[in-house]
Each structure stands twice: as structure tokens, then as C-alpha cells.
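Colleague: sequence-free structure coming up:
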Ligand SMILES: Nc1ncnc2c1ncn2[C@@H]1O[C@H](COP(=O)(O)OP(=O)(O)OP(=O)(O)O)[C@@H](O)[C@H]1O
């Protein structure tokens with residue numbers, strides 16, 4: 001049975017021992033596999049204990065507990081380095097319903113990496129692995145996908161990865177940036193136009209929907225599409241047909257739709273700014289991209305990725321600079337981190353990047369949120385000193401925001417010899 005599986009596969013008993021293995025699995029890992037005695041975690045992780053004892057979700061354990069198929073993304077140790085694998089674990093039962101063991105089938109994820117890899121998404125935190133799991137599910141179907149995430153979280157990269165991992169990968173991946181398009185522009189971009197359809201239409205132009213035939217259409221900033229254009233988009237999605245501007249013949253295009261937004265679309269629906277019927281059409285599967293501040297452990301790997309191998313690759317961030325960076329909240333997410341790496345490389349005089357080479361805002365964060373333990377009183381003093389320099393309101397307003405009485409605030413200011421701007 002296991003030889004009939006094309007992907008790398010093993011059959012394991014509840015004590016994690018490999019009882020059967022196919023050739024694709026043997027080809028994936030460098031270690032010798034002894035059927036009946038090798039453990040799955042030794043081969044895939046080079047570990048001496050099951051994954052759940054290292055803080056990872058163990059698919060065998062969840063399969064055993066729920067009695068149902070489990071699917072998780074893990075980072076495996078292969079001869080090519082650390083690689084993300086999408087694991088499918090299925091319980092195998094005898095005629096009486098007794099679990100005999102588990103069939104594990106692996107799908108190597110080629111668009112992402114747990115190590116530095118050019119043009120790939122990198123990361124190894126739990127929430128990144130969960131995102132890869134959702135991307136893989138989306139890629140294996142033709143469902144419409146909605147990507148929700150703050151600016152710079154990697155929505156375009158995820159859209160491209162879904163396309164690359166899908167059956168449409170050899171066909172076009174077409175991006176439409178919806179922000180800033182009015183109804184006329186949106187229609188002509190999407191559906192194309194005929195010569196003479198409007199002033200300036202000097203020739204026939206194919207629309208991007210037609211260009212995407214067979215492939216994937218990615219609508220970035222879908223929340224910015226004007227209401228009138230939303231009706232046209234809905235018609236396209238419901239009928240699969242469209243008419244170019246000035247054209248009479250309906251045309252057909254077969255594409256997978258991926259949309260992205262940093263806005264809360266359901267809130268826009270409630271406010272009457274986004275059509276509810278369109279929302280349900282585009283949100284077949286919603287993927288939420290975590291902000292960088294929720295995956296801080298990926299920051300060192302992302303920095304390494306952005307330093308790359310060229311002249312920048314010789315540079316390193318000092319521990320103090322790293323402390324400032326990891327304390328920062330990154331409202332601009334991965335894009336902000338990428339720019340920060342570029343900037344600091346330029347500012348650094350030698351191969352080591354120091355806090356003074358970072359933007360001033362980050363240098364201050366490092367001072368306040370460094371990992372060295374300091375007394376609470378010291379923090380209070382530093383915090384109030386900073387507030388005294390920057391706060392623009394009255395002392396009474398500040399006291400209210402700090403959750404103390406005005407008298408307490410005055411007492412503290414006096415204790416540290418501080419004075420508010422306005423007092
Ligand atoms: N996991 C990742 N690994 C490496 N680089 C990444 C990763 N995610 C995003 N990036 C890089 O970060 C930058 C921003 O990503 P991207 O443009 O995909 O974000 P976005 O969410 O689409 O942004 P916006 O909302 O502003 O359109 C790009 O240069 C991209 O290559």
C-alpha cells in the first residue's frame with residue numbers, strides 16, 4: 001500500500017516506530033531507516049524524543065487523541081537543510097475498529113524556507129507554520145481566497161505562493177492594484193477596451209481578466225474598489241463572463257481569484273461601503289497574516305534573509321542593536337524591517353551595526369525595553385522623563401491617563417525632579 005503513495009510516506013505504530021517506508025521517503029532523508037526500530041522523530045528531526053516534548057504539535061498525538069486525520073506543518077531536517085513539510089497523518093484501523101497505526105504522508109513546501117533562501121518566504125515560528133498549512137490547503141483547491149493582514153505582512157508574497165503551489169502555476173499570475181482606481185479606470189484595466197470606446201482609447205486593449213485566463217488574478221486592496229465597480233466584479237464572478245469597454249460580445253475567462261486587504265471588510269459591509277454578496281464571493285477561504293510583532297522570533301532569520309549574500313552579507317547586527325529591533329512594534333511589518341536593514345547597512349561605518357546606526361525611534365525603544373532587568377522605580381523615572389519631554393496636555397489629563405490622581409503625579413514628578421511642559 002505504501003509503495004502506491006507517490007509522496008514520501010511511512011506507516012508508524014503508536015510507539016512512533018516506522019514499520020513500513022516508501023522509496024520517496026528514503027530519498028528525502030539522509031539517515032538509514034531500520035523498519036521496526038527507527039523512530040519517526042529521529043529521521044525527520046534528528047531528535048531523541050517525540051516532537052511534542054519540544055513544543056511542536058505532534059500529529060500522531062492529535063490523531064490518537066481525536067481518532068481523526070491530522071494535518072500540521074513541521075520543519076524537518078533534510079540533506080538540503082531545514083525544510084517545511086506539510087504532514088498528513090491518518091489512523092489505520094483493523095476490521096474491529098482497533099487502531100493498528102498511522103499513515104504519514106509528507107508534502108515538501110517549496111515556496112517557503114526555515115533558512116535563508118532567495119525569493120522564498122522565510123520563517124519558523126508556530127504562527128508562520130500555521131499560515132503555511134492554510135496556504136497549502138488553499139493551493140490544493142480553486143477556492144477564492146481573501147488575505148487579511150496589516151500593510152507589509154507579505155500578502156502579495158502569499159498570493160504568489162498560493163499560485164506557485166497550485167495546478168495553475170505554469171499559467172499567468174496577474175496583479176491588479178485596486179487602490180486609487182476610479183470606476184472608469186477599474187473597468188478598463190479589468191475588462192480592456194475597444195478602440196474609440198472613449199477619448200484616448202486609440203487602440204484595442206486586452207483587460208487583465210483576459211490576461212489571467214488559466215491562471216490567477218490577484219486583486220490587491222480590494223477594500224478600495226468603488227461600489228459601482230463592485231457590481232461589475234460580482235457579475236464577472238457569478239457568470240465567469242465580461243464585456244470589454246465599448247465591446248458587445250461577452251468574453252469568458254477561467255481564473256482563480258485571490259484578494260487582499262488591510263481593512264476590516266466586514267466592518268465596511270456594515271457601513272454599507274462594501275457589498276455583502278461580493279464579500280461572500282471573494283472570501284471562500286480567509287487567511288489572516290500575523291503582524292511581525294506576533295512572530296518576533298522570526299526577526300533574526302528575516303534579517304539574515306535581507307542581509308543576503310552580497311556585500312550586505314558581511315554585516316552583522318550587534319546584540320545591542322538586535323535588542324532595539326526586537327523591542328520595536330513594526331507597524332510597517334516585514335517591509336519596514338527590510339527597509340530598516342537596508343538603511344542600517346548604509347549608516348554603519350564598519351561590519352558591525354550598532355544601535356546608533358538605527359533610526360532614532362528604535363534606539364529609544366531599546367533603552368526602555370532592553371532585556372537587562374532594571375528596577376521598576378528606574379522604569380517609572382525613565383517613562384516620566386520621556387513623558388515630560390513629549391506630553392502636550394495638562395497635568396490633570398496626564399494623571400487621568402496614567403490612572404493616578406493629580407496629587408500622586410505631582411508627588412512623583414517632585415521625587416524625580418521633573419517638570420511637565422505645561423506645568
Ligand atoms: N516571510 C517572508 N520572508 C521574506 N520576505 C518577506 C516575507 N513576507 C514578506 N516579505 C517581504 O516583505 C515585503 C512586503 O511584502 P508584501 O509586499 O508581500 O506585503 P503586503 O502585505 O502585500 O503589503 P501591502 O499591504 O503594503 O501591499 C516584500 O519585499 C516581501 O518580499
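Modeller: Right, received. Where do you want to start? Keep in mind that this is a model prediction, so the values were computed, not measured.
Colleague: Show the pLDDT at the residue nearest to residue 37 when sequence neighbours are not counted.
Modeller: Leaving aside its chain neighbours, residue 37 sits nearest to residue 17 (6.4 Å; criterion: C-beta to C-beta, 6 or more residues apart in numbering). (Each C-beta comes from the backbone N, C-alpha and C, glycine too.) If you check residue 17, the pLDDT there is 95.
Colleague: Return the backbone torsion pair for residue 17.
Modeller: phi -90, psi 140 (degrees, to the nearest 10).
Colleague: residue contacts, it?
Modeller: The neighbours of residue 17, taking C-beta atoms under 8 Å, 6 or more residues apart in numbering as the test, are 36-40.
Colleague: of those, closest to the ligand?
Modeller: residue 40 (27.5 Å; C-beta to the nearest ligand atom).
Colleague: Please work out how many residues are found near residue 406.
Modeller: 14 (other C-beta atoms under 10 Å).
Colleague: ok, now residue 42?
Modeller: Neighbours around residue 42, by other C-beta under 10 Å: 18.
Colleague: Now whichever residue of the chain sits closest to the ligand: closest residue in space, sequence neighbours ignored.
Modeller: Closest residue of the chain to the ligand, C-beta to the nearest ligand atom: residue 154 (2.8 Å). Closest residue to residue 154 apart from its sequence neighbours, by C-beta to C-beta, 6+ apart: residue 334 at 5.6 Å.
Colleague: hmm, back to that, could you identify the buried members of the contacts of residue 17?
Modeller: Among these, those classed as buried by 16 or more other C-beta atoms under 10 Å are 38-40.
Colleague: Just give me the neighbour total for the nearest residue to residue 33 once chain neighbours are set aside.
Modeller: Of all residues not flanking residue 33 in the chain, residue 21 sits nearest, at 5.4 Å (C-beta to C-beta, 6+ apart). By other C-beta under 10 Å, the residues close to residue 21 number 23.
Colleague: residue contacts, residue 21?
Modeller: 2, 9-11, 33, 35.
Colleague: any idea how far it is from residue 3?
Modeller: For residue 21, the distance to residue 3 equals 10 Å [C-beta to C-beta, to the nearest Å].
Colleague: measure stretch 286-301 end to end?
Modeller: End-to-end distance for stretch 286-301, by C-alpha to C-alpha, to the nearest Å: 27 Å.
Colleague: And the contacts of it?
Modeller: 114-116, 122-125, 127-128, 131, 134-135, 138, 145-150, 152-155, 158, 322, 325-326, 329-330, 333-334, 336-337.
Colleague: likewise stretch 337-344?
Modeller: With C-beta under 8 Å, 6+ apart, stretch 337-344 has contacts from 292, 299, 302-303, 306-307, 312, 317, 321, 325, 330, 332, 353, 357-359, 362.
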